[in-house]
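Peer 1: Only the shape, not the letters, is given here:
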Ligand SMILES: NC(=O)C1=CN([C@@H]2O[C@H](COP(=O)(O)OP(=O)(O)OC[C@H]3O[C@@H](n4cnc5c(N)ncnc54)[C@H](OP(=O)(O)O)[C@@H]3O)[C@@H](O)[C@H]2O)C=CC1
Ligand SMILES: O=C(O)C1=N[C@H](C(=O)O)C[C@H](O)C1
């Protein structure tokens, strides 16, 4: 992907009856291809550019895109966003790898672009967003918690962005409630057997052909357990959330993280 800073300002929309012009970056990937089909099928949206690895990113601005949807790779997404922000193009980002440092960098860029919106969501599936919310609610009632995420074998990153975010939200809820760490008497373990610690919450990653995207949040207390499970069985499950974000992001200046606000959660 070729990147070059531009100077265009945020596009003002005064032709509401025309379809919103959308560019998809990562368009030949599993998610990108599904997004292209979903956008094309929506009467109020149109795909004006499809860009993938090795393509010229200026195709996006040359095509007059108003919103870019990025489903690429954690290694390249910040460069893509830098370009889009410089060009004044709103962004919907599904690509994972967003640390707090990256989000802060993005917020800093947006301070210089009043009116420009970027939405970053670790998961666009309704059930995944609800699962995170339910987990936040349950967190303070259970002394034990662990997260298991299960994905297709071609996934680049582990743990998943959704599992990391889930663990962070649980950790915040536990800290706010003044809870001690989950009990764990392990003194001897094979490396990795207890998963990764995300803000003190254990996260386990399974990679298995045949799967799409799945997550279980396990809570435990004396004499009971609670399991919250979500399954994306098809990438179409992400599309209502992606399309909602595409329609909403031009109306939401600054950085929005997650779909919760858009869903009224
Ligand atoms: N937020 C959500 O709801 C969801 C998020 N995701 C995330 O989205 C991302 C993509 O997932 P997925 O579609 O499965 O991955 P894929 O590997 O199938 O697709 C990524 C595509 O991006 C291309 N690409 C790589 N670098 C660039 C670049 N610099 N510019 C443009 N295109 C580029 C890749 O090309 P090449 O293969 O040649 O490198 C590939 O075609 C991941 O981070 C994943 O975790 C996935 C599902 C849902
Ligand atoms: O790579 C995937 O497939 C997915 N990635 C996102 C993540 O890492 O959380 C969202 C979903 O789990 C599918």
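Peer 2: That came through fine. Every value quoted in this text rests on a predicted model; they were computed, and no experiment measured them. Ligands and ions are numbered 1, 2, ... in the order given.

Peer 1: Which phi and psi values does residue 166 adopt?
Peer 2: Dihedral pair for residue 166: phi -60, psi -50, per degrees, to the nearest 10.

Peer 1: Just give me the neighbour total for it.
Peer 2: By the criterion of other Cβ atoms under 10 Å, residue 166 has 30 neighbours. Glycine gets a C-beta too; all of them are placed from N, C-alpha and C.

Peer 1: Okay, it and residue 182: tell me how far apart.
Peer 2: Distance, residue 166 to residue 182, using Cβ to Cβ, to the nearest Å: 14 Å.

Peer 1: With residue 225 instead?
Peer 2: Per Cβ to Cβ, residue 225 is found 13 Å from residue 182.

Peer 1: just residue 265 next, same as before
Peer 2: Separation of residue 265 from residue 182 (Cβ to Cβ) stands at 26 Å.

Peer 1: now swap in residue 48 and tell me
Peer 2: In this view, residue 48 and residue 182 are 49 Å apart by Cβ to Cβ.

Peer 1: Give me the more crowded residue out of the two.
Peer 2: Using other Cβ under 10 Å as the criterion, residue 48 and residue 182 rank with residue 48 on top: 20 against 17.

Peer 1: Surely the more buried one touches residue 62?
Peer 2: No: between residue 48 and residue 62 there is no contact under Cβ atoms under 8 Å: 9.4 Å.

Peer 1: so where's this structure shaky on pLDDT?
Peer 2: 1-15 (pLDDT under 70).

Peer 1: residue boundaries of the helices in it?
Peer 2: Ranges of helices in the chain, per DSSP state H, are 30-41, 58-62, 77-87, 100-111, 126-138, 161-176, 239-248.
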